[in-house]
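A.B. asks: Here's my sequence, what's the structure:
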Amino acid sequence: MVGNIISMLVIGVIAGFLGRALLPGKQSMSFIMTMLLGIAGAVAGFFLFTELLGFGDEDSDKFDFSGLPGAVIGSMLLLFIYDRTIGGSDPAPVAGRSDADQAARRERRQERRQDR
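C.D. replies: Alright, predicted model coming up:
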């Protein structure tokens, strides 16, 4: 029982960090939130791999080899949903330019149009 809880936490941490590393963009969340994301992703990935895709061992309620890849995929999916709904991360500026640079370019373009 205690071993299952510890392995669930370890798989959750690994899956959460791998999911955050593989998903593009900056996610600002704490260690605890990453672990919870990884655990929820492990549950979602375990369901995805065993029930929907037919991988793994249906007789056992423990994780097998498909557990970690499924957990990473599940955590990436949940992180994507989290970012789009609750996360509210700021979008990156277009082509790496700041808002001031973009405003200055717009002004120069308008001046050139008026000079014509």
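
A.B. asks: Pick out the residue nearest the middle of this protein.
C.D. replies: The residue lying closest to the centre of the chain (CA atoms, centre = their mean) is Leu79, at 3.3 Å.

A.B. asks: these two touch, right, it and Gln27?
C.D. replies: Yes: between Leu79 and Gln27 there is a contact under CB atoms under 8 Å: 6.4 Å. The C-beta positions use only the backbone N, C-alpha and C, and glycine is treated the same way.

A.B. asks: How about Phe17: what's its closest non-neighbour residue?
C.D. replies: Computed as CB to CB, 6 or more residues apart in numbering, the closest residue to Phe17 that is not its neighbour in sequence is Thr34, at 6.2 Å.

A.B. asks: Could you tell me the model confidence score at the one you found?
C.D. replies: If you check Thr34, the pLDDT there is 80.

A.B. asks: tell me the contacts of it?
C.D. replies: Val13, Gly16, Phe17, Arg20 (CB atoms under 8 Å, 6 or more residues apart in numbering).

A.B. asks: Run through the chain and note the low-pLDDT ranges.
C.D. replies: Across the chain, the ranges flagged by pLDDT under 70 are 1, 54-67, 87-97.
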